[in-house]
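> Predicted structure and sequence below. I'll ask about it afterward.
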Amino acid sequence: MNTKQVFIVGFMLFAMFFGAGNLIFPPALGFEAGDHFWLAILGFALTGVGLPLLSMIVGSISEGGYRESLKHIHPFFSIGLLMVIYLTIGPFFAIPRTATTAYEMGIVPFLSSPSDITLFLFTIGFFALVLWIALSPADLSDTIGKFLTPTLLVTIIALIVRAFFLYFSNEPQMVHPTFNADAPFATGFLEGYLTMDAIAAIAFSIVVLNSIRSIR
């Protein structure tokens, strides 16, 4: 791959991993940690970023991804474990919160009276767009890497800059009563698992491999 293609695949990876959990849990952890922010975020980064990266590397070693690797344990184990993973990062947990997070952050502030009807209509439109993109898996690197990720990055940077100017002069936040101040690193380490990126990497690795093969 040339440099441009490497950046496209990298942007695609960023967009695939940066989901609702990545938007919710780090700010919440930082808010609760108070003066223990850096230790908590370091622990969070190890499991929220480090483990997914390691999982992607391991999944890329085998041409068939984790499915082929897990068959060395037992074929039924491979199918069973992957089914549990796909259900977890799919309809059971991760997929519903992508729509609700987008609705809460992107639509609710502009509604005078949010309701179940508006959430339902937004959810239909949201997943219709997701389905339209997913129906062309060979074009994921172009669709996500070239268009969606730059838009996402600009939005995130704008959000960070806006928050910086709003809250920089404020006094440091007191440690939240529910935060374990005696073990901030361990607390952040455990919180990092809530993004579910570590298990999502197992499913994403084969998607990335296929995308890389398609642009060669």
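Thanks, I have it. None of the values given here were measured: they were computed from a predicted structure.
> how many neighbours does residue 129 have?
The criterion is other CB atoms under 10 Å. On that basis, residue 129 has 10 neighbouring residues. Where you see a C-beta, it was placed from the backbone N, CA and C, and this is true even at glycine.
> Return the distance of it relative to residue 84.
Summarising the geometry, the distance separating residue 129 from residue 84, computed by CB to CB, to the nearest Å, is 27 Å.
> same question, residue 105
The spacing between residue 105 and residue 84, counted by CB to CB, is 29 Å.
> what does residue 101 give?
From residue 101 to residue 84 the distance is 23 Å (CB to CB).
> Please pull out the lowest mean pLDDT helix or strand from this protein.
Taking all helices and strands of the chain together, the one with the lowest average confidence (mean pLDDT, DSSP states H and E) is helix 140-142, at a mean of 63.
> any idea which helix or strand comes after that one?
Toward the C-terminal end, the helix or strand that comes next after helix 140-142 (DSSP states H and E) is helix 149-167.
> Identify the residues contacting that following helix?
Residues from elsewhere that reach helix 149-167 (CB atoms under 8 Å, 6 or more residues apart in numbering): 11, 12, 14, 15, 18.
> Under the pLDDT cut-off, which ranges of this structure? List them.
Scanning the chain for pLDDT under 70 picks out 1, 62-65, 67, 137-145, 211-216.
> show me where it has helices.
Defined through DSSP state H, the helices belonging to the chain, from first to last, are 3-17, 20-33, 37-45, 51-61, 65-70, 75-87, 94-106, 116-134, 140-142, 149-167, 184-191, 197-214.
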